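Engineer: Here is my input; please provide its structure:
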Amino acid sequence: MLSEPLCPNDCYVDDGESYRGNVSETDDGDECLYWNSHFILENGADPFNSFEDKDGLGHHNFCRNPDGDKMPWCFYRRGRRLLWDCWVLTAAHCM
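Structural biologist: Prediction:
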């Protein structure tokens, strides 16, 4: 787990739709998968065709919010399971 927040670029405001920081792990310490990972595609998800807001997605594994969820997230793998989560703090925690 990250020991302390990386501020201010690694915090998000509102629902994090505009978040472009570099956090790439979950709160349990799982590393995010790259958005173009074959494992994501093999498990029925395609971030580049499934979400309306593709801004911020690319050849990286940083948390993003392409679907208007309540906060940035990323796909990660636990065994053969595809899951999603992220550990990005809100701007209020970075002040």
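Engineer: Backbone torsions only: list them for Asp15.
Structural biologist: Asp15 adopts backbone torsions of phi -90, psi 0, taken as degrees, to the nearest 10.
Engineer: for it, what are its contacts?
Structural biologist: With contact set as C-beta atoms under 8 Å, 6 or more residues apart in numbering, Asp15 has these partners: Asn65, Gly68, Asp69, Lys70, Met71. (C-beta placed from N, C-alpha, C; glycine too.)
Engineer: 10 Å instead?
Structural biologist: Asn65, Asp67, Gly68, Asp69, Lys70, Met71, Pro72 (C-beta atoms under 10 Å, 6 or more residues apart in numbering).
Engineer: ok, now Asp69?
Structural biologist: Contact partners of Asp69, counting by C-beta under 10 Å, 6+ apart, are Asp15, Gly16, Glu17, Phe51, Trp84, Cys86.
Engineer: Which members of these occur in strands, if any?
Structural biologist: Applying DSSP state E to the contacts of Asp69, the entries found in strands are Trp84.
Engineer: Tabulate the contacts of Asp69 in JSON lines, adding columns for pLDDT and distance to Glu25.
Structural biologist: Shown next, in JSON lines, are the contacts of Asp69 (pLDDT from 0 to 100; distance: C-beta to C-beta, whole Å):
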{"residue": "Asp15", "pLDDT": "90", "distance to Glu25": "20"}
{"residue": "Gly16", "pLDDT": "88", "distance to Glu25": "16"}
{"residue": "Glu17", "pLDDT": "90", "distance to Glu25": "20"}
{"residue": "Phe51", "pLDDT": "81", "distance to Glu25": "21"}
{"residue": "Trp84", "pLDDT": "94", "distance to Glu25": "12"}
{"residue": "Cys86", "pLDDT": "89", "distance to Glu25": "8"}
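Engineer: just the buried members of the contacts of Asp69?
Structural biologist: For the contacts of Asp69, a burial check counting by 16 or more other C-beta atoms under 10 Å picks out Gly16, Glu17, Phe51, Trp84, Cys86.
Engineer: Assess the claim that the last one and Cys63 are in contact.
Structural biologist: Yes. Cys86 lies in contact with Cys63 (C-beta atoms under 10 Å); the separation is 3.8 Å.
Engineer: what's the overlap in contacts for these two?
Structural biologist: By C-beta under 10 Å, 6+ apart, the residues touching both Cys86 and Cys63 are 12, 16, 19, 23-26, 32, 71-75.
Engineer: Many thanks, we can stop here.
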